[in-house]
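1. Sequence and predicted model, in that order:
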Amino acid sequence: MANQPQHDAITLCANSYGRPWTTAGFRASWRPIRMALEEQGKVQPGLTLKGLRHTVATILREMGKDYASIQLVLGQNTEAMARHYSRRADMREQTTGAMADFEAEVNRRKTKNVKPE
């Protein structure tokens, strides 16, 4: 059939005819949803699905998830893409926590001062 995809990927989203979305068809259906979410203040204006991928990766990274986990959630082939999509994550909280843990461990390992007799 002419309308069948020319690949062997699994169809995740199908149109009302049960066929994979065309780019134009998906855009036409996504636009009113996006606009309604914008009006409700739930998303920023101009949100794209690629932007959602960045958002998901960023939130997962800020939660402390590793790149392998982010790769799996996003369905990416490489951890490098997980790093790419999560590169804007704010890691200050994790860094502060890691340094506090490090300082506590260093203090635990310190030897007590011993006075010579």
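-> Now that the structure is in, tell me what you want to look at.

2. mind showing which ranges of this structure have poor pLDDT?
-> By pLDDT under 70, the low-scoring segments of the chain are 1-7, 111-114.

3. mind giving me the domain split of it?
-> With domains defined by automatic domain parsing, the chain comprises 13-47, 48-103.

4. since we're on G18, how many residues are nearby?
-> G18 sits with 7 neighbouring residues when counted by other CB atoms under 10 Å. Glycine gets a C-beta too; all of them are placed from N, C-alpha and C.

5. The one 10 residues further on now?
-> For A28, the count of nearby residues is 11 (other CB under 10 Å).

6. who's in contact with the helix or strand it falls within?
-> Per DSSP states H and E: A28 is located in helix 23-39. Residues from elsewhere that reach helix 23-39, judged by CB atoms under 8 Å, 6 or more residues apart in numbering: C13, N15, W21, V43, Q44, P45, L47, L49.

7. any idea which of those is closest to L60?
-> L49 (16.8 Å; CB to CB).
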